[in-house]
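> A predicted structure for the sequence below; I have some questions about it.
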Amino acid sequence: NRSSIIVDASNYIQQLKQKIEKLNHDIHNNINHTGQQLPVVTVETLEKKGFLINIFSGKNCPGLLVSVLEAFEDLGLNVVEARASCSDSFRLQAVGSGGGDDQNEEEEEEGEQQTIDPQVIKQAVLQAINDWDG
């Protein structure tokens with residue numbers, strides 16, 4: 001039993017290391033043509049057919065929150081829960097679900113829900129950042 005706990009912990013640590021590497025890679029790749037760092041965007045699929053979206057920028061980004069929320073709306077992504085900070089830096093952590101109100105009754109009865117690809121969400125957020133006037 002102890003060995004299975006150790007194996008599980010080791011696997012979890014490996015997953016965390018992979019996430020850190022991915023975040024570092026994203027930070028490195030999010031430099032725009034002027035040499036300024038763009039906000040870092042990550043999208044993770046949650047077990048219960050939802051998404052965890054994290055956006056972080058080391059600087060204040062007035063108006064970016066509105067642009068991001070409009071991108072969510074355009075995708076049909078329902079924000080279930082969100083935390084945002086826009087004072088010294090910009091940080092948004094949102095939990096969203098796809099499919100929303102566009103389901104018909106048959107799909108709802110069968111338990112099917114229209115889903116959005118996490119990569120589509122990330123691209124839409126990055127596009128909103130690029131279009132943002134900041």
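Now that the structure is in, tell me what you want to look at.
> contacts, neighbours, all on C-alpha from now
Fine.
> grab the nearest non-local neighbour of residue 87.
residue 60 (6.1 Å; CA to CA, 6 or more residues apart in numbering).
> in which helix or strand would I find that neighbour?
Using DSSP states H and E, residue 60 is not contained in any helix or strand.
> confidence score at it?
Residue 60 is assigned 78 on the pLDDT scale.
> now it. Its backbone dihedrals?
phi -70, psi 140 (degrees, to the nearest 10).
> does it touch residue 84 like I think?
No: taking contacts as CA atoms under 8 Å, residue 60 lies outside contact range of residue 84: 11.8 Å.
> what do the two both touch?
By CA atoms under 8 Å, 6 or more residues apart in numbering, residue 60 and residue 84 have these common neighbours: residue 90.
> so for the protein, the centremost residue is which one?
In the chain, the residue lying closest to the centroid (CA atoms, centre = their mean) is residue 53, at 2.0 Å.
> Three-state assignment for that residue, please.
strand (DSSP: H, G, I helix; E, B strand; the rest coil).
> what ranges does this protein have for its strands?
Taking DSSP state E, the strands of the chain run over residues 40-46, 50-57, 78-85, 90-97.
> as CSV, the ones you listed with mean pLDDT would be great.
Output for the strands of the chain, formatted as CSV (pLDDT from 0 to 100):
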stretch, mean pLDDT
strand 40-46, 87
strand 50-57, 89
strand 78-85, 90
strand 90-97, 90
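> pLDDT weak spots in the chain?
Per-residue confidence for the chain (pLDDT under 70) gives these ranges: 27-38, 99-115, 133-134.
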